[in-house]
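K.L.:
Sharing a model that was predicted from the sequence below.
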Amino acid sequence: MTSRILLLALTSASVWAESKLGKPLKLSQPSAIHEILATPADFAGKTVQVKGKITEVCQAMGCWMALVDPTDSSKTIRINVEDGEIVFPKDSAGKTAIAEGVLTKQELTREQVIAKAKHEAEEQGRKFDAKQVKQGASYYEIRGTGAVISGS
């Protein structure tokens with residue numbers, strides 16, 4: 001009986017455990033992902049903190065993760081780091097994360113979009129058709145400095 005209670009306690013503790021990655025978070029409150037994406041120029045170059053459910057993680061190096069807004073599932077933002085700077089656990093999809101970093105605008109040529117999409121498709125095991133890419137693109141992402149990932 002005692003071993004069952006201990007096993008239950010250890011299982012419960014691991015469900016609630018947090019993983020702190022990178023530098024400690026400095027901001028006291030996260031901004032809503034949908035608010036940042038509604039007016040990204042207002043936040044560009046500034047340190048922001050967001051909270052959301054992890055939908056994807058780089059399966060090669062753990063160098064990025066995508067977070068979906070908890071109130072608007074159509075709004076997702078990527079937290080990107082230099083390889084090895086922070087390694088997001090590859091099995092984190094479905095967990096909750098609070099991430100912090102500087103919001104940056106990325107501008108890519110058509111060729112860069114193709115290369116990036118092809119690379120990500122290979123990492124995630126998805127098909128990719130370069131003919132679908134018609135032009136370059138710009139988007140915003142957070143250059144991550146720290147994150148806290150929890151099981152809920």
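P.N.:
Good, I have the coordinates. These numbers were taken from a predicted model, which means no experiment stands behind them.
K.L.:
Helices of the chain, residue ranges please.
P.N.:
Secondary structure of the chain (DSSP state H): helices at 2-16, 33-38, 40-43, 110-124.
K.L.:
and the second one, what does it pack onto?
P.N.:
When you say that, I think you mean helix 33-38. With contacts defined as 3 or more C-beta pairs under 8 Å, 6 or more residues apart in numbering; DSSP states H and E, the packing partners of helix 33-38 are strand 47-57, strand 76-80. (Glycine included, C-beta is placed from N, CA and C.)
K.L.:
Among those, which comes closest to Thr96?
P.N.:
With C-beta to C-beta, the closest approach to Thr96 among these belongs to strand 47-57: 5.9 Å.
K.L.:
how many neighbours does Ala137 have?
P.N.:
Counted by other C-beta atoms under 10 Å, the residues lying close to Ala137 total 15.
K.L.:
wouldn't it be in contact with Lys105 here?
P.N.:
No: when contacts are counted by C-beta atoms under 8 Å, Ala137 is not listed as touching Lys105 (11.1 Å).
K.L.:
what sits against the residue nearest the centre of the chain?
P.N.:
For the chain, Met65 is the residue whose C-alpha lies nearest the centre (C-alpha atoms, centre = their mean; 2.8 Å). Met65 makes contact with Ile54, Glu56, Val57, Cys58, Arg78, Ile79, Phe88, Ser92, Ala97, Ala99, Ala147, according to C-beta atoms under 8 Å, 6 or more residues apart in numbering.
K.L.:
Recalculate using a threshold of 7 Å.
P.N.:
By C-beta atoms under 7 Å, 6 or more residues apart in numbering, the contact list for Met65 reads Ile54, Glu56, Val57, Ile79, Phe88, Ser92, Ala97.
K.L.:
Report the separation between it and Ala44.
P.N.:
Met65 sits at a distance of 20 Å from Ala44 (criterion: C-beta to C-beta, to the nearest Å).
K.L.:
Thr55 now?
P.N.:
Thr55 is 23 Å from Ala44, by C-beta to C-beta.
K.L.:
Just give the closest residue to Ala117, not the sequence neighbours.
P.N.:
Sequence neighbours aside, Phe128 is the residue nearest to Ala117 in space, at 5.7 Å (criterion: C-beta to C-beta, 6 or more residues apart in numbering).
K.L.:
doesn't His119 make contact with the one you found?
P.N.:
No: shown here, Phe128 and His119 do not form a contact pair, counting by C-beta atoms under 7 Å, at 9.1 Å.
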